[in-house]
Each structure stands twice: as C-alpha cells, then as structure tokens.
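Colleague: Dropping a prediction and its sequence here:
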Amino acid sequence: QVQLVEFGGGLVQAGDSLRLSCVASGRTFTSLAMGWFRQAPGKEREFVAAISFSGASTYYADSVKGRFTISRDDVKNTVYLQMNSLKPEDTAVYYCAADRYYSGTYLVGDYWGQGTQVTVSS
C-alpha cells in the first residue's frame, strides 16, 4: 500500500511563493506517476499538476500554468509543487496523488495523501 504525506502548506499573501512536498512510501517511487489536486471550500476536487514516472514530462491545469512547477526527486521519494505568484483563488486543501498507470495528462488518483491547507490572503 502506498502512503503519501504532504508538507509545506500555510498562510501567505497574494504574490508570495510556497513549496509543497509529498513523500511517498510503500512502492518503488519510479513506478508511480505523481501529481497534485486541490479542493476549495464548497467546490469539487480539481487537478493541478502531474509528472511522469521519469520526470521527463509534466502537465498542468490551465489555471496554474506558468505559475506552478511540479518536480520530483527519486532519491528522496518526494514530489514537489513550487507555487509562485499565488492568488487568493489558489486557497484550497492541496492533495498529493499517485498513479500506477499514466496517460500523459491528468492523474486518476490511485493513492492519496491527507492534504495540506494553503491559504492566500489578499
């Protein structure tokens, strides 16, 4: 069973940056495509970003493209989400996710972390 633990959420001001981390265990890390989703109050969970098994390809939601960067460190079994130029509408609980199979775009979410709160004040 895969366990995912997120770190790095917090309260920031609009325009600030924040980096989320997610440490995976329970399965060979390079056998997982990794990504991030978020869920704002009263809204459905939405896809944010994904990175392939090798890290060679990434995919982003239009709402974060150009501001967020996903990366992975296969030695540390960790995936990161660097978030720049944060906006109040980025406020949400951010969830790390992992897939055993990957199409190259969105993740399905075979495994989930517990979530970390990101709040962006205006």
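Modeller: That came through fine. Everything numeric here is computed off the predicted structure, so don't read it as measured data.
Colleague: mind listing what's buried in stretch 66-75?
Modeller: By neighbour count with 16 or more other CB atoms under 10 Å, stretch 66-75 contains the buried residues 68-70, 72. In short, each C-beta sits where N, CA and C put it, glycine included.
Colleague: Just put those residues in CSV and tack on pLDDT and secondary structure.
Modeller: Formatted as CSV, the buried residues of stretch 66-75 follow (pLDDT from 0 to 100; DSSP: H, G, I helix; E, B strand; the rest coil):
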residue, pLDDT, secondary structure
68, 98, strand
69, 98, strand
70, 98, strand
72, 98, strand
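Colleague: wait, which of those residues is closest to residue 54?
Modeller: residue 72 (9.0 Å; CB to CB).
Colleague: what's the spacing between that closest one and residue 28?
Modeller: With distances taken as CB to CB, to the nearest Å, residue 72 is found 13 Å from residue 28.
Colleague: same check, this time on residue 97
Modeller: 17 Å.
Colleague: which one of the two has more residues nearby?
Modeller: residue 97 (25 against 10; other CB atoms under 10 Å).
Colleague: pLDDT wise, what is that one at?
Modeller: Residue 97 carries a pLDDT score of 98 in this model.
Colleague: bridging residues for it?
Modeller: For residue 97, the beta-bridge partners are residue 35, residue 112 (DSSP bridges).
Colleague: what about stretch 101-120, average pLDDT?
Modeller: Stretch 101-120 comes out at a mean pLDDT of 94.
Colleague: Straight-line length of it, end to end?
Modeller: 33 Å (CA to CA, to the nearest Å).
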